[in-house]
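Trainee: Give me a 3D structure for the following:
(chains A, B, C and D)
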There are 2 protein chains.
Amino acid sequence: MKNGRLTNTVETIASECLAVRIRLLNRTVTNIFDDALRPLGVKVSQLNVLMVVAKLGPITPGDVCRKLNIEKSTLSRNVDRMRTHNWLKVSEGDSGRKQILELAPAGRRLIEKAFPLWTKAQTETESLLGQQGAKSIHRAANTVWAQLGRE
Amino acid sequence: MKNGRLTNTVETIASECLAVRIRLLNRTVTNIFDDALRPLGVKVSQLNVLMVVAKLGPITPGDVCRKLNIEKSTLSRNVDRMRTHNWLKVSEGDSGRKQILELAPAGRRLIEKAFPLWTKAQTETESLLGQQGAKSIHRAANTVWAQLGRE
DNA sequence: ACTCCTATGTTGTATATACAACATTGTGTG
DNA sequence: CACACAATGTTGTATATACAACATAGGAGT
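Mentor: Sure, this is the predicted structure:
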């Protein structure tokens, strides 16, 4: 039949493509967390950055980018928004070029208020993925973090 | 110490959050595929939609949304772009309300040209995630698809 | 047949994401 | 020290994503 080769190609990509699958998981899980966090007016993308700063800060934007594999321009605008909310404090490093990001008091309060909502979303996600699935995600992410560090 | 409670909260979220991890995987893998596909001027997000249409089409936008868990407004604009490239044919269904999406000839040629580039990205992703990680992603995605179908 | 509700798709708006180009600042090497 | 190069962050542009509001069209129930 005339469509044989294309059909095989489509079948192969459809049944194996890792990008389709990871992107589906990303949309689904991001929606779960954003729904849960909506009462606080924060999105999970912003909470992610806030957590990195809370755990590793004071830290430069460049280091946050490397940790999360985010493009610097993406983070730059995200930091603007979080500074507007007074969640982050941004100061000029003594080196002149680098900036210093720190958790601001409002950011601290936000994290405390977010915790029960985060727990709810996390539980919901675990039940969606199953214990196996959740463990798998952890393992895959650990692999990526190891690779990122190696570059 | 004064920071005890916040520190515990931050530690818990940092070490367990599934959203951070899936979003990290999503950015990393999407970049791998977009890099590979760049010579063709198509992004993996568009190729995903094209594959669904190629495999299941003729199909309505709403059904594509349900399959990929994409918001209808997101797909609406994506279809516009793909129609501009003549990759997709959009026609009005006889029912008046629904639209019919089909693979256009240029879309077919695109998929054929994309296959070797997709294979390269897929291989690279497998080697990034490891065999375990890749299998894990498949299992997690299957779980989500089953859940989506159940709603 | 009429009314109400739902499904479908578009548009306005906000955020997330990345690439390209740019300005600025350190750094290292001759 | 001077110059070239790399690192850092911003801005312009394009796409992806979702929510809210909307218009329209089908369908269900009376």
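Trainee: shaky segments in chain A?
Mentor: A:1-3, A:150-151 (pLDDT under 70).
Trainee: residues contacting the residue of it found nearest chain B?
Mentor: Using CB to the nearest CB, the closest approach of chain A to chain B is made by residue A:136 at 2.6 Å. For every residue, glycine as well, the C-beta is placed using N, CA and C. Going by CB atoms under 8 Å, 6 or more residues apart in numbering or on different chains, residue A:136 touches A:129, B:132, B:133, B:135, B:136, B:137, B:139, B:140.
Trainee: let's see 6 Å
Mentor: B:136, B:140 (CB atoms under 6 Å, 6 or more residues apart in numbering or on different chains).
Trainee: so how far is residue A:72 from it?
Mentor: Look at residue A:136 and residue A:72: by CB to CB, to the nearest Å, they are 30 Å apart.
Trainee: Confirm that the residue of chain A closest to chain B sits in a helix.
Mentor: Yes: under DSSP: H, G, I helix; E, B strand; the rest coil, residue A:136 falls within a helix.
Trainee: Quick check: residues of chain A near DNA strand C?
Mentor: Proximity of chain A to DNA strand C, by CB under 7 Å from any atom of the strand, involves residues A:43, A:45-46, A:69-71, A:73-74, A:77-78, A:81, A:95-97.
Trainee: Out of those, give me the two with the largest separation.
Mentor: A:43 and A:96 (32.1 Å; CB to CB).
Trainee: quick one, which of these two is more surrounded?
Mentor: residue A:43 (15 against 6; other CB atoms under 10 Å in any protein chain shown).
Trainee: Wait, the more buried one touches residue A:36, no?
Mentor: No: counting by CB atoms under 6 Å, residue A:43 stays clear of residue A:36, with 10.8 Å between them.
Trainee: Tell me where chain A has strands.
Mentor: For chain A, applying DSSP state E gives strands covering A:88-92, A:99-103.
Trainee: which residues make contact with the first one from outside it?
Mentor: Applying CB under 6 Å, 6+ apart, the external contacts of strand A:88-92 come out as A:82, A:83, A:99, A:100, A:101, A:102, A:104, A:107.
Trainee: ok, 7 Å please
Mentor: For strand A:88-92, the external contacting residues (CB atoms under 7 Å, 6 or more residues apart in numbering or on different chains) are A:53, A:79, A:82, A:83, A:99, A:100, A:101, A:102, A:103, A:104, A:107.
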